[in-house]
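Undergrad: Provide a 3D model corresponding to the input given below.
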Amino acid sequence: MQNQPGKCMLAMVTLAAAGSIASADVLFDNRGLGIDSPDIFSSDIRAWVLEDGRFPTSAAHQITAINIGYHNTDPAQRPLAADVLVRFWDTVNYDVIPVTSAVHSGPIGPEYRFSIVAQPGANETGLLLLPGGGVLLADNDWGVMIDFVLPGTSTPLAGINHLFRDVPVTLGSSDALFGCDEDGNGIVSGTELFTWEGGGFPAGNMYLQIHGTAIPEASAAIGVAVAGIGLAGRRPGRRRVCSGPPQESWLRSDGKVFADGKIFAD
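TA: Numbers count the residues shown, from 1 in each chain. Okay, here's the model as predicted:
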């Protein structure tokens, strides 16, 4: 991928609930060099986006916080009030049969809503702390769905793009595919899978960072028994090329125009 022209200063959002996370580690990281990285881009997807991932350590994990990238494309370069919706899933199976079924299963915790002020340009939400100590995963595979909406609503917010970064992931791993709730029904099915790979460009993953701790095996077994978390793993996904050159329409393999392509986060 070509270098993005220009750079923007990182403007972290300070949240009232922000604070230190005792004994928490970075479990997954796809920030690269941060907002100044030359390999980040965004797309004006006005819907839930599903990303899968795997932590490096084979153990149960407690997720306590998440940091999410975004791109405020407001032409007047104004800060925008927004809510960030976050859902965690135990399993993502891109080979789901039938393909009209949800690729994500085993919801972990509630749907979280975080209020932020999105600064102009490419930025990060800053560390968003999960209430109640976070969520417990039975293993190191997971899925997360993220959407940017108008405050207090479920209406997608125009002007706030999902931020992505070219592979490889800095810490952990993720499939080349990602999902998008294209029809707005609240789930991502096997017909709503996409990849940025193709047309001479590499795959890309959502720009995010996850904090938490690995759980010792004995403690994890007790926690999983109480929480009832499934142990199914994530299988490799099908590949459906749908990317295009920068600034051109992003095409799915069936020829359908989807979003406005890779937008330089300048």
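
Undergrad: Where does pLDDT dip in the stretch 1-150 of the chain?
TA: For the stretch 1-150 of the chain, the stretches with pLDDT under 70 are 1-23.

Undergrad: quick one, helices of this protein?
TA: Secondary structure of the chain (DSSP state H): helices located at 217-227.

Undergrad: Show me what counts as buried in the biggest strand by length in it.
TA: If you go by DSSP state E, the chain has its longest strand at strand 104-118. Judged by neighbour count (16 or more other CB atoms under 10 Å), strand 104-118 contains these buried residues: 104, 106, 108-109, 112, 114, 116, 118. Every C-beta, even on glycine, is put in place using the N, C-alpha and C of the backbone.

Undergrad: Reformat those residues into TSV and put distance to residue 91 next to each item.
TA: Formatted as TSV, these follow (distance: CB to CB, whole Å):
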residue	distance to residue 91
104	7
106	5
108	10
109	14
112	19
114	24
116	28
118	31
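
Undergrad: In those residues, find the pair that's most separated.
TA: Pairwise distances across the buried residues of strand 104-118 peak at 30.4 Å for 106 and 118 (criterion: CB to CB).

Undergrad: Wait, residue 212 touches residue 27, no?
TA: Yes - between residue 212 and residue 27 there is a contact under CB atoms under 8 Å: 5.1 Å.

Undergrad: Now list whatever residues contact both of these two.
TA: 61, 63 (CB atoms under 8 Å, 6 or more residues apart in numbering).

Undergrad: Check the spacing between residue 116 and residue 72 real quick.
TA: Distance of residue 116 to residue 72, computed by CB to CB, to the nearest Å: 10 Å.

Undergrad: Which neighbours do those two have in common?
TA: With contacts defined as CB under 8 Å, 6+ apart, no residue is shared by residue 116 and residue 72.

Undergrad: nearest spatial neighbour of residue 51, skipping sequence neighbours?
TA: Once flanking residues are discounted, residue 51 sits nearest to residue 206: 4.2 Å by CB to CB, 6 or more residues apart in numbering.

Undergrad: Tell me where the stretch 1-150 of the chain has strands.
TA: For the stretch 1-150 of the chain, the strands defined by DSSP state E, counting those that start in this stretch occupy 25-29, 40-43, 49-54, 60-72, 80-92, 104-118, 121-124, 128-129, 135-137, 141-149.

Undergrad: Could you export the ones you listed as JSON lines, including distance to residue 169?
TA: Output for the strands of the stretch 1-150 of the chain, formatted as JSON lines (distance: least, CB to CB, whole Å):
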{"stretch": "strand 25-29", "distance to residue 169": "7"}
{"stretch": "strand 40-43", "distance to residue 169": "13"}
{"stretch": "strand 49-54", "distance to residue 169": "8"}
{"stretch": "strand 60-72", "distance to residue 169": "13"}
{"stretch": "strand 80-92", "distance to residue 169": "15"}
{"stretch": "strand 104-118", "distance to residue 169": "19"}
{"stretch": "strand 121-124", "distance to residue 169": "16"}
{"stretch": "strand 128-129", "distance to residue 169": "20"}
{"stretch": "strand 135-137", "distance to residue 169": "17"}
{"stretch": "strand 141-149", "distance to residue 169": "13"}
